[in-house]
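Enquirer: Okay, sequence plus prediction incoming.
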Amino acid sequence: MKAATRAIRPQPNRAVAMRGAPGLVSLPAAAACRVAACMVGRPGVVGRAWGRVKDYTELTKPRILVMALVAVAVGALLAGAGSPPFELLAVTLLGTGLVAAGASVFNQVLECDTDALMQRTRHRPLPSGRMAMGEAVVFGVVVTAAGLLLLAAAVNLLTALLAALTLVLYVAVYTPLKRRTSLNTVIGAIPGALPPVLGWAAVRGTTGPEAWALFLIVFLWQFPHFLAIAWMYRDDYARAGLRMLPVLDPGGGMTARQMIGYSLALVPASLAPTVIGMAGLMYFCGALSLGCGLLGFAFAFAFFASAASARNLMRASLVYLPALLVLMMFDMPLL
């Protein structure tokens with residue numbers, strides 16, 4: 001009987017070594033099991049907080065945001081002959097970044113229903129249900145208001161007004177037009193081309209031929225770039241009822257003509273900085289070569305309209321614009 005009692009007597013709560021868990025060298029068995037369950041099971045407070053941060057970040061469309069900020073920085077650097085005041089540049093980037101983030105938030109609020117129908121957007125925070133609509137609206141209002149106030153108070157009123165114009169055109173005009181007409185791309189290209197003008201205005205306090213030359217380049221560049229993307233995802237756009245040109249042009253003929261036309265117009269437009277004294281001969285030759293290369297990819301799509309040729313054009317456009325802007329900065333005159 002004593003032996004049986006000893007066999008069933010509870011043993012002391014022995015320490016358990018947890019391999020692979022730094023800092024948990026020796027824990028009581030029960031505590032070790034709880035920690036292990038936490039590590040393997042639901043994410044916990046830190047995991048949920050990190051997931052929330054990721055959702056808020058996704059609402060701002062970070063890739064588009066980075067591209068916009070690069071364009072703002074290029075405009076400011078060119079306006080300041082390569083060395084604008086650092087504090088002014090930092091505040092300008094922060095303010096325009098907040099406004100651009102807010103524009104993306106409002107865009108996703110307005111397009112929540114169509115995003116839910118598209119394969120590439122249905123996992124975003126709003127259509128997936130990870131975030132409430134009201135929460136997103138509050139976030140958008142806060143970051144937009146903060147950005148506009150910062151630009152008006154710390155940069156200048158012109159830059160704040162241009163940022164507000166960009167916001168209104170993108171959210172209130174371009175976004176609803178995507179459901180109505182394929183001309184939405186033309187309207188959307190206007191706010192998409194304004195970031196370098198904002199950067200120029202932040203440093204100079206005004207706009208001029210140089211700023212609008214930058215605007216024209218980015219404006220024209222967007223057509224081959226976004227038409228290529230729209231062709232690649234035309235089934236998604238059709239499913240959501242968005243009237244992008246490739247959805248209405250199943251054969252690709254009109255899409256190809258517009259790609260070629262805008263790429264062709266981009267060649268002389270990209271040479272304008274040399275003509276007006278913004279850049280030199282090295283830039284001129286580089287811009288001409290880049291423009292001919294992009295035009296070649298547009299012709300390749302015209303000869304064989306496919307997802308592969310559209311993807312090649314999209315990738316070429318992603319090389320074209322940064323390369324052109326870098327050339328311009330390297331070959332700009334020192335004032």
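Expert: Done, it's in.

Enquirer: end to end, how far does stretch 173-192 reach?
Expert: 13 Å (C-alpha to C-alpha, to the nearest Å).

Enquirer: next one: stretch 81-89 to chain centre, how far?
Expert: The chain centroid and the centroid of stretch 81-89 are separated by 24 Å, computed with C-alpha atoms, centre = their mean, to the nearest Å.

Enquirer: got the buried residues for it?
Expert: Buried residues in stretch 81-89, defined by neighbour count with 16 or more other C-beta atoms under 10 Å: 84, 88-89. Placement of C-beta: from N, CA and C, glycine included.

Enquirer: Now do the same contact list for the closest residue to Ser182 other than its chain neighbours.
Expert: Closest residue to Ser182 apart from its sequence neighbours, by C-beta to C-beta, 6 or more residues apart in numbering: Leu245 at 4.3 Å. Taking C-beta atoms under 8 Å, 6 or more residues apart in numbering, we find Leu245 in contact with 182, 185, 227, 230, 254-255, 258.

Enquirer: Show the residue spans covered by the helices in the stretch 1-150 of the chain.
Expert: Along the stretch 1-150 of the chain, counting by DSSP state H, counting those that start in this stretch, helices occupy 2-8, 29-40, 44-59, 62-79, 86-110, 112-115, 133-154.

Enquirer: Find me the pLDDT at the closest residue to Ala76 other than its chain neighbours, would you?
Expert: Nearest residue to Ala76, sequence neighbours excluded (C-beta to C-beta, 6+ apart): Gly199, at 3.7 Å. Gly199 carries a pLDDT value of 95.

Enquirer: thinking again about what came up before, closest to Leu290 out of the helices of the stretch 1-150 of the chain?
Expert: Nearest of the helices of the stretch 1-150 of the chain to Leu290, taken as C-beta to C-beta: helix 62-79 at 15.4 Å.

Enquirer: and the gap between the nearest residue to Trp212 once chain neighbours are set aside and Met133?
Expert: Among residues not flanking Trp212 along the chain, Val197 sits closest, at 7.2 Å (C-beta to C-beta, 6+ apart). Distance, Val197 to Met133, by C-beta to C-beta, to the nearest Å: 32 Å.

Enquirer: ok, now which ones touch Gln119?
Expert: Per C-beta under 8 Å, 6+ apart, neighbours of Gln119: Asp236.

Enquirer: what about it, distance to Val203?
Expert: In terms of C-beta to C-beta, Gln119 sits 42 Å off from Val203.

Enquirer: do the same with Trp50
Expert: In terms of C-beta to C-beta, Trp50 sits 37 Å off from Val203.

Enquirer: So the two - more neighbours on which side?
Expert: Neighbours per residue, other C-beta atoms under 10 Å: of Trp50 and Val203, the larger number sits with Val203, 22 against 12.

Enquirer: what about that one, distance to Val155?
Expert: 9 Å.

Enquirer: can you check His123 too?
Expert: In terms of C-beta to C-beta, His123 sits 36 Å off from Val155.

Enquirer: try Arg239
Expert: 42 Å.

Enquirer: Determine which member of His123 and Val155 has the greater number of neighbouring residues.
Expert: Set His123 next to Val155 and count neighbours by other C-beta under 10 Å: Val155 wins out with 23 against 13.

Enquirer: what about that one, distance to Val171?
Expert: 21 Å.

Enquirer: got it, and Gly75?
Expert: Distance from Gly75 to Val171, by C-beta to C-beta: 22 Å.

Enquirer: same thing with Ala211?
Expert: Ala211 is 23 Å from Val171, by C-beta to C-beta.

Enquirer: Ile64 contacts Asn107, correct?
Expert: No: assessed by C-beta atoms under 8 Å, Ile64 is found out of contact with Asn107, at 9.6 Å.

Enquirer: quick one, which of these two is more surrounded?
Expert: A direct count of neighbours by other C-beta under 10 Å for Ile64 and Asn107 places Asn107 higher, at 20 against 15.
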